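Undergrad: Output the structure for:
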Amino acid sequence: MRHWRGRFAQASPPGLKDRQRCGRPASFTPLQVAEVKAPACRLPACRLPAESEVPLSRWSCPELAREAARRGIAPFMSASTVRR
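TA: Numbering: from 1, shown residues only. As a prediction, this is how the structure comes out:
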């Protein structure tokens, strides 16, 4: 908390903006992330996999990853990435 107060004291509200972070950049855009989640969250009654020709009663992470590749959202996306 002291870190944020110091940044605020030095630069007011603009000092609280996110700064560039170290590490690997994101592999997927926020739009891609939303498109992968959309089939599982679509209403009414959460769009079932059977409506997308997937013989399941619920979406699983591997099935959502395959659906993303089928729709061309991302060339490859692992089930663990979808889970995260």
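Undergrad: What's the separation between the residue nearest the centre of the chain and Ser27?
TA: Residue closest to the mean C-alpha point of the chain, counted by C-alpha atoms, centre = their mean, is Val33 at 3.3 Å. When distances are taken as C-beta to C-beta, to the nearest Å, Val33 and Ser27 turn out to be 10 Å apart. All C-beta atoms are positioned from the backbone trio N, CA, C, and that covers glycine.
Undergrad: that older thread, how far away is the residue nearest to the centre of the chain from Thr81?
TA: 10 Å.
Undergrad: just Ala40 next, same as before
TA: 14 Å.
Undergrad: Ok, Gly6 next?
TA: Taking C-beta to C-beta, one finds Gly6 at 35 Å from Thr81.
Undergrad: neighbour count winner among the two?
TA: Shown here are Gly6 and Thr81; by other C-beta atoms under 10 Å, Thr81 has more neighbours (17 against 11).
Undergrad: No further queries at this time; thank you.
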